[in-house]
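Enquirer: here are the coordinates; sequence isn't available:
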């Protein structure tokens, strides 16, 4: 037993009594009540398959989690942009700088107020926890009044919904714009190819060189039939009636047919202005026109798909639990805080006592 006149050592007073008394005064007198509002939501899109347990529950409506947008919401809520958007009308400034809040707890109570310190203070009052299993986001907001906590939570949730809508609209707009640009380019190419083909037809005076060649070949075949008939008749006359007056005429007719057949054949192939040369140029222009038409059809189909995908792929915030209105403050834990300071003080006192005792023994030794 310690003597009745025992007095605590200065080290015990410094490490245990002073911190415990300070903690008692703070938690019992100065600390302001803190209310916590909680909201749960998930970012959804009907374009992806549900993979998680919650996604399977919502999968009946064709809904799924959107990891990219969820990560964007988390980053946004922990950014200065979220603070600026939510505090445009001074909602957060009034809630955290109210004169009714303890000077130790309110913003600007002990340190000069500026936007950088306000952002650090904001990060201490707002917490976003994503659940990797269910992809649900938990948003908790601490404030010194129940109504203020819920109002700030609601404001941040509205700003998050606006962000997701903006990102979704931007993605859909970019996809449709790209498809429209591709369709316009394909349409211009198809138009140019058709114009070049029409101009060549007008310049050459031929609609289709292949059909024209086929018609000319048919004409040449008829002339050759006439030449065969004339030669047969000439051979018969030379054999049986060599003095016939028609023999010179038949020879002249055969020579004329030979020249005509040769002329027509040269018009089909052999010369720079022949149908074969025209057909080669025509085939190149026709192939360009057909390829341009196919590309245009593919681009229009892609544009139609892009519009359908844009109508279907809409990311949005689905509220699972709206911002709650706290019934009572859950912070600070006054008794727990005092006991924690007392225990930590006793540990510090015990460690320092042992260290000081070792130092004294070392000096005395």
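Expert: Received, thanks. Computed from a predicted structure; not experimentally measured.
Enquirer: nearest residue to residue 31 other than its sequence neighbours?
Expert: Residue nearest to residue 31 in three dimensions, not counting chain neighbours: residue 332, with 5.0 Å by Cβ to Cβ, 6 or more residues apart in numbering. (C-beta placed from N, C-alpha, C; glycine too.)
Enquirer: from memory that neighbour sits against residue 27, does it?
Expert: Yes: between residue 332 and residue 27 there is a contact at 6.0 Å, judged by Cβ atoms under 8 Å.
Enquirer: need the contact list for residue 43.
Expert: Residue 43 sits next to 65-66, 69-70, 73, 135, 137, 164, 315-318 when contact means Cβ atoms under 8 Å, 6 or more residues apart in numbering.
Enquirer: so how far is residue 244 from residue 251?
Expert: Using Cβ to Cβ, to the nearest Å, residue 251 is found at 12 Å from residue 244.
Enquirer: Residue 356 too?
Expert: In this view, residue 356 and residue 244 are 153 Å apart by Cβ to Cβ.
Enquirer: and what of residue 175?
Expert: The gap separating residue 175 from residue 244 is 87 Å, by Cβ to Cβ.
Enquirer: What of residue 18?
Expert: Separation of residue 18 from residue 244 (Cβ to Cβ): 151 Å.
Enquirer: Check what pLDDT the residue nearest to residue 31 gets.
Expert: You'll see residue 332 listed with a pLDDT of 76.
Enquirer: circling back to that earlier point, of the contacts of residue 43, just say which sits nearest to residue 151.
Expert: residue 317 (17.9 Å; Cβ to Cβ).
Enquirer: tell me the SS of that closest one?
Expert: strand (DSSP: H, G, I helix; E, B strand; the rest coil).
Enquirer: and it, what is it in contact with?
Expert: Contacts of residue 317 were listed using Cβ under 8 Å, 6+ apart, and they are 41-44, 73, 157, 160-161, 164.
Enquirer: Nearest spatial neighbour of it, chain-adjacent residues omitted?
Expert: Once flanking residues are discounted, residue 317 sits nearest to residue 161: 4.4 Å by Cβ to Cβ, 6+ apart.
Enquirer: any idea how far residue 237 is from the residue lying farthest from the centre of the chain?
Expert: Here the centre of the chain is the reference, and by Cα atoms, centre = their mean the most remote residue is residue 243, at 97.2 Å. If you measure residue 243 against residue 237 using Cβ to Cβ, the figure is 9 Å.
Enquirer: what's the overlap in contacts for those two?
Expert: Counting by Cβ under 8 Å, 6+ apart, nothing touches both residue 243 and residue 237.
Enquirer: Show me what the mean pLDDT comes to for the top strand by length along the chain.
Expert: In the chain, taking DSSP state E as the definition, the longest strand is strand 35-45. Averaged over strand 35-45, pLDDT sits at 90.
Enquirer: Surely residue 320 is in a strand?
Expert: Yes: applying three-state DSSP, one finds residue 320 inside a strand.
Enquirer: so it touches residue 138, yeah?
Expert: No: counting by Cβ under 8 Å, residue 320 stays clear of residue 138, with 9.7 Å between them.
Enquirer: between the two, what contacts are shared?
Expert: In terms of Cβ under 8 Å, 6+ apart, residue 320 and residue 138 are both contacted by the residues residue 40.
Enquirer: so what's residue 97 closest to, chain neighbours aside?
Expert: Nearest residue to residue 97 in three dimensions, chain neighbours excluded: residue 107, at 5.1 Å (Cβ to Cβ, 6+ apart).
Enquirer: number of nearby residues for that neighbour?
Expert: Residue 107: 21 surrounding residues under other Cβ atoms under 10 Å.
Enquirer: and it, what is it in contact with?
Expert: 93, 96-97, 113, 117-118, 121 are the contacts of residue 107 under Cβ under 8 Å, 6+ apart.
Enquirer: run the last query once more with 10 Å
Expert: By Cβ atoms under 10 Å, 6 or more residues apart in numbering, the contact list for residue 107 reads 92-93, 95-98, 101, 113, 117-118, 120-122, 124-125.
Enquirer: for residue 337, same thing?
Expert: 23-24, 26-27, 31, 331.
Enquirer: now the strands: where do they sit in this protein?
Expert: Using DSSP E, strands in the chain cover 35-45, 64-65, 126-130, 137-143, 316-321.
Enquirer: Could you measure from the residue nearest to residue 34 when sequence neighbours are not counted over to residue 240?
Expert: Of all residues not flanking residue 34 in the chain, residue 331 sits nearest, at 3.7 Å (Cβ to Cβ, 6+ apart). Counting by Cβ to Cβ, the separation of residue 331 from residue 240 is 133 Å.
Enquirer: Which residues are in contact with residue 69?
Expert: Per Cβ under 10 Å, 6+ apart, neighbours of residue 69: 43-45, 160, 163-164, 167-168, 171, 315-317.
Enquirer: Of those, which pair is most distant in space?
Expert: Taking Cβ to Cβ as the measure, the contacts of residue 69 span a maximum distance of 16.7 Å, between 160 and 171.
Enquirer: Looking at those two, which is more packed in?
Expert: residue 160 (25 against 17).
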